[in-house]
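With the sequence up front, the predicted model follows.
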Amino acid sequence: MRGIDLRRFDFDRHNAVFYFIVNANQDIYLRYGGRNASSSDAYLNLDSLQIALSLALEEHQNFQTGKRPPDAKEKPIFPNDLPGLRENVVQRNRCVECHHIAHFETTVAENLGQLVKKRDLYRYPEIEKLGIHLNIPKGLLVARAEAGAKEAALFPGDLIQKINDNTVLTLADLQYRLDQVDRDAKHLNLAILRHGQTRSLTLKLPSDWWVTDLSHRNWTVNPLVFFEEKPLGEQERKKLKIPPGSFASRITEVPLDALLEVAHELKEGDIITAVDGKTKDPFGLGAKIYIKLSHKSGSALQLTILRGGKKQTLPLQTIRQIFRRVEE
């Protein structure tokens, strides 16, 4: 990545495979690649790659005939322009790897107070969270629609063409444009092709549409907490007299790493009711995501829990992850 324009060739740096199809002027015709939390190759398929290559050829023909304008040009950013990456990687003549870029972009932003965790940790939201399920070998052809996508009248067989007025040709294009949507947005506009006619749809976004599993991402700025949780249902909340809008989630899993890292003494079945004395859940997404969004990795805090019906306060030491460390 040493000579690559990082602004132009922007992508989720934790993808296993990501392609850009460009012309000699580096105009980007389309992107191909992407993944979801379950698999690094969930969106990769030879048939869909063939479709992408065909669409890229059409874009190139349009460019040659003047039907496709050139991309807007922005001032490039190269690895040597990034603090930390320049001193620790480029100037030491090390290989500039994708995860290095992600590491220094986020840690420098954190140090400057410019890190927006909703956006910078949760890159490339998964379309399945919107209720959109694609027929992967067929490109952007909808296989089924659920939840908000179904309510928006998206049907199997629809071909997605635009997201918020941005043309998308591949799933990677779709994820790229979805990544640019404000995390507090309530709606998403889609243009689809159905039976030869273009239609516009407005999809209502769930509050957690941007949340993805971070376990495959090596973010140093992500506080590791070593527990999984499940929100309590309304009836159980009432039984325990926990008011709406408050933290109320049951610990469902405590990995061995919690013991090895001396992170906490939580047990399966514990119910978290407060984080550092705060009972209100401002995001409505549970204690784990609240900690990731509101606390710096490596910080220590207190959890209030119910264990066997009795209230306790336990310390939690979050862990700052180091992946293939390059700083010295």
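Yep, that arrived. Numbers count the residues shown, from 1 in each chain.

Would you quantify the distance from His295 to Phe247?
As judged by CB to CB, to the nearest Å, His295 and Phe247 stand 14 Å apart. Any C-beta I mention is one placed from the backbone N, CA and C, and that applies to glycine too.

Neighbour count: these two, which is higher?
Phe247 (24 against 18; other CB atoms under 10 Å).

hang on, isn't that one packed against Pro282?
No: applying CB atoms under 8 Å as the test, Phe247 and Pro282 come out as separate, 10.0 Å apart.

intersection of neighbour lists for the two?
Tyr290 (CB atoms under 8 Å, 6 or more residues apart in numbering).

which regions of the stretch 201-328 of the chain lie under the pLDDT threshold?
323-328 (pLDDT under 70).

What are the structural domain limits within this protein?
18-120, 127-204, 223-320 (automatic domain parsing).

mind giving me CSV with those and columns for distance to Arg7?
Listed next are the domains of the chain as CSV, based on distance: least, CB to CB, whole Å:
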stretch, distance to Arg7
domain 18-120, 5
domain 127-204, 13
domain 223-320, 26
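
Asp10 is nearest to which of those?
Checking those against Asp10 by CB to CB gives domain 127-204 as the closest, at 7.8 Å.

now that closest one, how far from the centre of its chain.
17 Å (CA atoms, centre = their mean, to the nearest Å).

With stretch 123-133 instead?
9 Å.

for stretch 244-257, same thing?
Distance, centroid of stretch 244-257 to centroid of chain: 22 Å (CA atoms, centre = their mean).

cool, and stretch 95-110?
On CA atoms, centre = their mean, the centre of stretch 95-110 falls 16 Å from that of its chain.

per-residue confidence averaged over that stretch?
Averaged across stretch 95-110, pLDDT comes to 92.

what residues does that stretch touch?
With CB under 8 Å, 6+ apart, stretch 95-110 has contacts from 1-2, 6, 13-15, 79, 82-85, 88-90, 115-116, 120-121, 218-221, 296, 323-324, 326.

burial measure for the closest residue to Gly245 other than its chain neighbours, as a count.
Excluding the flanking residues, the one nearest Gly245 by CB to CB, 6 or more residues apart in numbering is Lys280, at 5.8 Å. By the criterion of other CB under 10 Å, Lys280 has 12 neighbours.

Lys280: what's it in contact with?
245-247.

and stretch 145-155, which residues are buried?
Within stretch 145-155, the residues scored as buried using 16 or more other CB atoms under 10 Å are 145, 147-149, 152, 154.

Which elements pack onto the longest helix that the chain contains?
For the chain, the helix that runs over the most residues, judged by DSSP state H, is helix 46-64. Using 3 or more CB pairs under 8 Å, 6 or more residues apart in numbering; DSSP states H and E, the elements in contact with helix 46-64 are strand 18-22, strand 28-33.

Which residues are in contact with His60?
23, 29 are the contacts of His60 under CB under 8 Å, 6+ apart.

Could you do Tyr122 as well?
183, 210-212, 214.

Who wins on neighbours among these?
Trp210 (23 neighbours).

give the contact list for that residue.
Counting by CB under 8 Å, 6+ apart, Trp210 has contacts 118, 122, 125, 129, 183.

Assign it to helix, strand or coil.
Following DSSP: H, G, I helix; E, B strand; the rest coil, Trp210 is assigned to coil.

quick one: the helices in the chain?
Counting by DSSP H, the helices of the chain are 46-64, 85, 98-111, 117-120, 147-151, 171-179, 234-240, 257-260, 287-294.

Just name the most buried of the helices and strands packed on helix 46-64.
strand 28-33 (a mean of 22; mean count of other CB atoms under 10 Å).

List the contacts of that one.
Taking CB under 8 Å, 6+ apart as the rule, strand 28-33 contacts 8, 11, 15, 17-23, 43-44, 48-49, 52, 55-56, 59-60, 63, 71, 169-170, 172-173, 176.

Just the buried ones among the contacts of stretch 95-110, please.
Among these, those scoring as buried are 1, 6, 13-15, 79, 82, 84-85, 88-90, 115, 120-121, 218-221, 326 (criterion: 16+ other CB under 10 Å).

coming back round to it: now distance to Ala263 and mean pLDDT too, for the helices and strands packed on helix 46-64, in CSV please.
Shown next, in CSV, are those (distance: least, CB to CB, whole Å; pLDDT from 0 to 100):
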stretch, distance to Ala263, mean pLDDT
strand 18-22, 33, 96
strand 28-33, 34, 97
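
before we move on, the earlier item: using CSV, write down the CA coordinates of the longest helix of the chain.
Below are the C-alpha coordinates for helix 46-64, written out as CSV (Å, rounded to 0.1, in the frame of the first residue of the first chain):
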residue,chain,number,x,y,z
LEU,A,46,-17.1,-16.4,-9.2
ASP,A,47,-20.4,-15.8,-10.9
SER,A,48,-20.8,-12.4,-9.2
LEU,A,49,-17.3,-11.5,-10.1
GLN,A,50,-18.1,-12.2,-13.8
ILE,A,51,-21.1,-10.0,-13.5
ALA,A,52,-18.9,-7.2,-12.0
LEU,A,53,-16.3,-7.5,-14.8
SER,A,54,-19.0,-7.2,-17.4
LEU,A,55,-20.5,-4.2,-15.7
ALA,A,56,-17.1,-2.6,-15.5
LEU,A,57,-16.6,-3.1,-19.3
GLU,A,58,-19.9,-1.3,-19.9
GLU,A,59,-18.8,1.5,-17.6
HIS,A,60,-15.5,1.8,-19.6
GLN,A,61,-17.4,1.9,-22.9
ASN,A,62,-19.6,4.7,-21.5
PHE,A,63,-16.5,6.5,-20.4
GLN,A,64,-14.9,6.2,-23.8
